[in-house]
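>>> Using only what follows, build the 3D model:
(one chain, ligands or ions: 1)
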Amino acid sequence: MWALQGVRLANGDLADIVVEGDRIVEVRRGAAAGVPEVLTCSEKLVLPAFIDGHVHLDKALIRDELSEHDGTLRGAIDAIHERKRRYTSDDVRARARSVIEESVRLGTTRLRSHVDVDTIGGLVPLEGVMAAAADSADIAEVCTIAFPQEGLLRDPGAYDLMVAALEAGADVVGGMPHWEHDEASQREHVRLCFGLAERFGRDLDMHVDETDDGGVRTLEMVADEALRRGYIGRVCAGHVCSLAAADQQYADGVIDKCLRAEITIAANAVTNLVLQGRQDRGLIRRGTTRIGELRAAGVNVLFGQDCVKDGFYPFGRGSMLEVAMISAHAAHLTTNADLDFALRAVTEAPAQTMRLSDYGLRPGARADLQLLPVPTWSEALRLQPLPEKVWFRGRLVAENSVHSTIHRLRPPSASPVRGPVWESRGPEE
Ligand SMILES: [Zn+2]
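As a prediction, this is how the structure comes out:
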């Protein structure tokens with residue numbers, strides 16, 4: 001048994017957190033008294049470890065090997081084909097593992113990764129990501145989504161590979177209906193994905209309407225299918241960009257269906273800010289879905305990293321703190337309530353869509369924690385600090401320390417202002 005003494009929680013409360021085995025057993029002031037092993041935390045912020053609810057580990061870190069393209073979704077998908085043909089399971093495994101390790105170092109201990117399943121790469125990407133997940137099982141929990149990136153009808157053979165991927169242990173059924181050539185094929189794609197989910201008893205997490213074209217409306221097909229089959233609270237829809245371009249009345253109706261089907265929306269603003277709006281001139285659209293309206297309606301909304309230096313996005317480093325900050329810019333999140341929503345989008349919201357019953361900062365929850373050298377969540381967002389410590393299942397799995405020095409010519413005359421660092425240090429230190 002051990003304890004964190006004197007931590008600041010995201011709601012501002014001071015508390016001690018007692019951990020036994022892989023569980024949190026107490027969260028209250030004074031709970032550390034009598035606990036044999038205590039870490040004094042000096043009112044630093046403790047958060048549950050982040051969850052990255054939407055990432056693509058199989059294609060991470062391939063950017064430098066791709067030919068340049070026009071920056072669009074289609075351009076990226078085409079540019080990746082050549083590299084995907086050359087994937088080996090070890091190659092995918094090494095890149096995926098590197099992103100998992102970096103994510104852990106930056107405070108994330110659960111990841112849900114889409115993995116391409118198509119006739120180009122076959123099951124090689126899945127083999128690689130599952131191997132990386134096994135390699136990393138001591139520091140993080142990674143689950144996989146079988147993702148037919150090239151479509152199901154426009155890529156004959158992909159459906160059989162999806163079956164094989166689920167038989168091989170992929171955790172969730174993915175999809176990408178808007179990528180099919182026509183509306184009938186989109187509908188069939190949705191039907192096939194739900195059929196697979198029912199057959200294998202899995203949840204669904206699909207890429208939906210990642211386009212500026214307001215006429216593309218597969219989110220409604222997904223919501224209708226979920227309602228028809230009673231697949232309530234078991235579907236996540238990622239991106240959903242075209243909803244922002246649809247007319248208001250239509251959007252309101254679809255948001256209501258999402259609410260009734262308890263669909264989570266993975267609003268991956270980080271990637272969509274650079275991917276969408278490429279044809280616009282002047283007032284360039286942000287490319288994100290209707291985050292504010294979904295939130296107001298009560299739909300569960302998460303923020304994902306989505307891409308780490310792949311064909312779609314040249315940046316990304318597995319930092320959900322960075323994802324929350326970029327998403328806050330994209331979605332006009334500035335008030336305290338807004339920032340709380342941004343925190344939820346990288347913690348409780350992905351936990352909800354993954355149906356985790358043991359997540360959070362409460363007695364009984366799994367002790368996946370991070371200690372940040374700031375007093376508040378808003379300061380964490382602003383300063384983007386490295387977590388000092390990260391725990392997974394109650395075990396310390398990562399530590400970071402930063403040493404910075406300003407070399408003054410003379411000591412400052414005025415008393416130091418509590419500035420951008422949490423603990424200001426005197427010149428003698
Ligand atoms: Zn994605």
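>>> strands paired with the host helix or strand of Leu371, and their directions?
Per DSSP states H and E, Leu371 falls inside strand 369-372. Using DSSP bridges, the strands paired with strand 369-372 are strand 45-48 (antiparallel), strand 389-392 (antiparallel).
>>> Do a quick rundown of the helices in this protein.
Secondary structure of the chain, counting by DSSP state H: helices at 73-85, 89-105, 124-135, 158-167, 183-200, 218-229, 248-260, 269-275, 291-297, 320-330, 336-345, 348-353, 377-383.
>>> Could you list the low-pLDDT ranges of the protein?
Residues of the chain meeting the criterion pLDDT under 70: 414-429.
>>> What's the biggest strand in it, counting residues?
Ordering each strand of the chain by length in residues (DSSP state E) puts strand 108-116 first.
>>> who does that one touch, helix- and strand-wise?
Counting by 3 or more CB pairs under 8 Å, 6 or more residues apart in numbering; DSSP states H and E, the packing neighbours recorded for strand 108-116 are strand 50-55, helix 89-105, helix 124-135, strand 141-147, strand 204-208. C-betas here are computed from N, CA, C, even on glycine.
>>> Each with direction, which strands does that strand pair with?
strand 50-55 (parallel), strand 141-147 (parallel).
>>> can you put these in CSV and add mean neighbour count and distance to Ala165?
Shown next, in CSV, are these (neighbours: other CB atoms under 10 Å; distance: least, CB to CB, whole Å):
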stretch, mean neighbour count, distance to Ala165
strand 50-55, 29, 17
strand 141-147, 25, 4
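>>> among the ones you listed, which is nearest Gly233?
Judged by CB to CB, the one of the strands paired with strand 108-116 that comes nearest to Gly233 is strand 50-55, at 14.6 Å.
>>> Extract the CA atoms of that closest one and return them as PDB.
C-alpha atoms of strand 50-55 as PDB (Å, rounded to 0.1, in the frame of the first residue of the first chain):
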ATOM      1  CA  PHE A  50      -5.200   9.900 -20.200                       C
ATOM      2  CA  ILE A  51      -6.900   7.700 -22.700                       C
ATOM      3  CA  ASP A  52      -6.300   8.000 -26.400                       C
ATOM      4  CA  GLY A  53      -9.600   6.800 -27.800                       C
ATOM      5  CA  HIS A  54      -8.700   7.200 -31.500                       C
ATOM      6  CA  VAL A  55      -5.200   6.700 -32.900                       C
END
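>>> How far does that strand sit from its chain's centre?
For strand 50-55, the distance from its own C-alpha centre to the chain's C-alpha centre is 2 Å (CA atoms, centre = their mean, to the nearest Å).
>>> which residues make contact with that strand from outside it?
Residues lying outside strand 50-55 but in contact with it, judged by CB atoms under 8 Å, 6 or more residues apart in numbering, are 99, 103, 106-114, 205, 236, 238, 264, 266, 268, 302, 304-308, 318, 320-321, 323, 346-347, 349-351, 353-354, 356, 359, 370.
>>> picking that back up, of all the strands paired with strand 108-116, which one comes closest to Ala79?
Comparison of those against Ala79 by CB to CB identifies strand 141-147 as nearest, at 17.4 Å.
>>> before we move on, the earlier item: minimum distance to Pro411: which of the helices of the chain has it?
When these are ranked by distance to Pro411, counting by CB to CB, first place goes to helix 377-383 at 24.7 Å.
>>> Convert the closest one to CSV, retaining C-alpha atoms only.
Only the C-alpha atoms of helix 377-383 are listed here, as CSV (Å, rounded to 0.1, in the frame of the first residue of the first chain):
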residue,chain,number,x,y,z
TRP,A,377,-5.9,21.7,-15.2
SER,A,378,-6.0,25.1,-16.9
GLU,A,379,-2.3,25.5,-16.1
ALA,A,380,-1.6,22.1,-17.4
LEU,A,381,-3.3,23.0,-20.7
ARG,A,382,-1.5,26.3,-20.9
LEU,A,383,2.0,25.2,-19.9
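>>> And that helix, what's buried?
When burial is assessed from 16 or more other CB atoms under 10 Å, helix 377-383 yields the following buried residues: 377-381.
>>> Can you tell me which of these is nearest Leu243?
Closest approach between those and Leu243, by CB to CB: Leu381, at 26.0 Å.
>>> Which residue, other than its chain neighbours, is closest to the closest one?
Nearest non-adjacent residue to Leu381, counting by CB to CB, 6 or more residues apart in numbering: Met325, 5.2 Å away.
>>> show me what contacts the one you found?
Met325 makes contacts with 342, 381, 384, as judged by CB under 8 Å, 6+ apart.
>>> what does Gly75 give?
Contact partners of Gly75, counting by CB under 8 Å, 6+ apart, are 69, 311.
>>> and if you look at Arg366?
By CB under 8 Å, 6+ apart, the neighbours of Arg366 are 22-24, 358-359, 393-394.
>>> Those residues: which two are farthest apart?
Greatest spatial distance among the contacts of Arg366 (CB to CB): Tyr359 and Gly394, at 14.0 Å.
>>> rewinding a little: can you lay out the strands paired with strand 369-372 as CSV showing distance to Glu127 and mean neighbour count?
Putting the strands paired with strand 369-372 into CSV (distance: least, CB to CB, whole Å; neighbours: other CB atoms under 10 Å) gives the following:
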stretch, distance to Glu127, mean neighbour count
strand 45-48, 31, 23
strand 389-392, 24, 25
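>>> Now render those as TSV, adding distance to Gly215.
Shown next, in TSV, are those (distance: least, CB to CB, whole Å):
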stretch	distance to Gly215
strand 45-48	40
strand 389-392	45
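>>> And the ones you listed: which comes nearest Val129?
Comparing those against Val129 with CB to CB, the closest turns out to be strand 389-392 (18.6 Å).
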